[in-house]
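Student: Next come a sequence and a model predicted from it.
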Amino acid sequence: RRNNPLFFIDIAVPRDLDPALNELDNVYLYDIDDLINVVELNKEERDKEAVKASRIVDEAALKFKDWLAGLTITPTIVALRAKGNQISQLELERTLPRLKNLTSKEQKSVEMMASAIVSKLLHDPVIYLKNESCKDKPEVKVDILRSVFALEKKQ
């Protein structure tokens, strides 16, 4: 053997190999009880990993549920912002030609102000859609906002 370890596994009942073999250098004797202990240790490790895996699955399921809820509200948010920007753009097109003395920098400032007003006005409705209330039935909130802002019914 030239100092290579030698392993014996005795699974017989009663034992076939003498336990004194363990006292020899580089000789290792394992019996059925040792194997049962190894299996138990491995089972404990697998159980710990199963708990971790279960947590990962639960977190992924929650993220997926939130993502799915987002699919319900996202078209409404997009439509809400589009309507606000459209109104803003129409009013700018009506108003800016009347303000002939404005420089291009001042016109840009007015456009930015109009955009900021739209964003600030829509901030609370968007937060209302995204908050945790009615999380199980986001379509209720979507329908309310679509009615209040006269948005097309989603298909």
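Tutor: Sure thing, it's come through. As the structure is a computational prediction, the values presented were derived from the model and not from experiment.

Student: how near is the residue nearest the centre of the chain to I56?
Tutor: Geometric centre of the chain, nearest residue: K63, 3.4 Å, by CA atoms, centre = their mean. Counting by CB to CB, to the nearest Å, the gap between K63 and I56 amounts to 11 Å. Just so you know, the C-beta spots here come from the backbone N, C-alpha and C atoms, and that holds for glycine as well.

Student: give me the element the residue nearest to the centre of the chain is part of.
Tutor: Using DSSP states H and E, K63 maps to helix 32-95.

Student: Next SSE downstream of that helix?
Tutor: Next along the chain after helix 32-95, taking DSSP H and E as the criterion, comes helix 104-130.

Student: And that following helix, what does it pack against?
Tutor: Where contact means 3 or more CB pairs under 8 Å, 6 or more residues apart in numbering; DSSP states H and E, helix 104-130 is packed against helix 32-95, helix 138-148.

Student: Compute the inter-axis angle for that helix and helix 32-95.
Tutor: Between helix 104-130 and helix 32-95, the angle comes out at 140 degrees (axes from the mean of the first three to the mean of the last three CA atoms, to 10 degrees).

Student: gap between V38 and K108?
Tutor: Remark: distance between V38 and K108 (CB to CB) = 74 Å.

Student: ugh, wrong one, D33
Tutor: Here the criterion is CB to CB. By it, D33 lies 83 Å from K108.

Student: now I73
Tutor: Counting by CB to CB - I73 and K108 are separated by 32 Å.

Student: now K52
Tutor: Distance, K52 to K108, using CB to CB: 54 Å.

Student: Quick one, which of the helices and strands packed on helix 104-130 gets closest to L102.
Tutor: Each of the helices and strands packed on helix 104-130 was scored for nearness to L102 using CB to CB, and the closest is helix 32-95 (10.1 Å).

Student: Please compute how far the helix holding K63 lies from its chain's middle.
Tutor: Chain-centre distance of helix 32-95: 3 Å, with CA atoms, centre = their mean, to the nearest Å.

Student: Give me the helix or strand of this protein that scores worst on average pLDDT.
Tutor: Ranked by mean pLDDT, DSSP states H and E, the helix or strand of the chain with the weakest confidence is helix 138-148, at a mean of 86.

Student: Nearest spatial neighbour of F149, chain-adjacent residues omitted?
Tutor: Among residues not flanking F149 along the chain, L80 sits closest, at 6.0 Å (CB to CB, 6 or more residues apart in numbering).
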